[in-house]
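> Sequence below, structure please.
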Amino acid sequence: MNTRNTSNRKAMTIIEVMAAVILLGVAILGLGMVLADSQRGYNEIYNKAYSQLVQDGHIARRTFDRLVRKASASNITLDDAGAWVQVQYYASAESTELDRYGRFFVDADELKIEHGTVDPAVVLSTQTICSNVSSCVFSRLGKAVQMVLVLDDGSRSLTVVTSATAHNQ
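As a prediction, this is how the structure comes out:
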């Protein structure tokens, strides 16, 4: 008589295979959701750090600092309301008199800088530093000049606070 012993088999049943596939699918789905959420978070942080608003704020800060540092501390003119600031500086190392000026001001929603000659007072150029300006206030403490600039592009707002000290006499 030929009888087979089926109780010693080492194979998996169809139910065990289906259970393993379901568990594996749930694990892969969970891992996929974690990776997708991580990618969204990374993109959000990257966009905040390198957005046009951040770049505009950086350029405004650097331009303001650079001009005020080469200005004369005794020739800084500030609007009573803090709407603009004007500094005088030497055009070159060979200059013996303060012969140039730079004036920061807001026009519409743009921060601008106007360069010109002191005597005679002639505007040489006007440049837009950044746009999306919702407010800009200038103030002075001794030789230092401070700018508080608020940029707003409709989706987020950025406040840039910078101050610089005039180094020339």
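
> C-alpha from now on. contacts and neighbour counts both.
Will do.

> Buried ones in the worst-scoring helix or strand of the chain on mean pLDDT, by neighbour count?
For the chain, the helix or strand with the lowest mean confidence is strand 71-78, at a mean of 90 (criterion: mean pLDDT, DSSP states H and E). Within strand 71-78, the residues scored as buried using 16 or more other Cα atoms under 10 Å are 71-73, 75-76, 78.

> quick check, nearest of these to Leu124?
Ala71 (17.3 Å; Cα to Cα).

> hang on, the earlier thing: mind giving me the packing neighbours of the helix or strand following the least confident helix or strand of the chain?
Once the chain leaves strand 71-78, the next helix or strand it forms, by DSSP states H and E, is strand 84-89. Helices and strands touching strand 84-89, by 3 or more Cα pairs under 8 Å, 6 or more residues apart in numbering; DSSP states H and E, are strand 71-78, strand 100-107, strand 133-141.

> Just the mean pLDDT for the very next helix or strand once past the second one, thanks.
Downstream of strand 100-107, the first helix or strand assigned by DSSP H and E is strand 110-117. Regarding strand 110-117, the rounded mean pLDDT is 96.

> Compute the inter-axis angle for strand 110-117 and strand 100-107.
160 degrees (axes from the mean of the first three to the mean of the last three Cα atoms, to 10 degrees).

> what residue ranges in this structure score low on pLDDT?
1-9, 169 (pLDDT under 70).

> care to break it down by domain?
Domains of the chain are assigned by automatic domain parsing as 11-50, 52-165.

> gap between the first one and the chain center?
Computed by Cα atoms, centre = their mean, to the nearest Å, the separation of domain 11-50 from the middle of its chain amounts to 34 Å.

> buried sites along that domain?
Buried, per 16+ other Cα under 10 Å, within domain 11-50: nothing.

> again with stretch 100-110
Buried residues in stretch 100-110, counted by 16+ other Cα under 10 Å: 100-106, 110.

> circling back to that earlier point, Leu151: which of the buried residues of strand 71-78 is nearest?
Ranked by distance to Leu151 (Cα to Cα), these are led by Leu78 at 21.4 Å.
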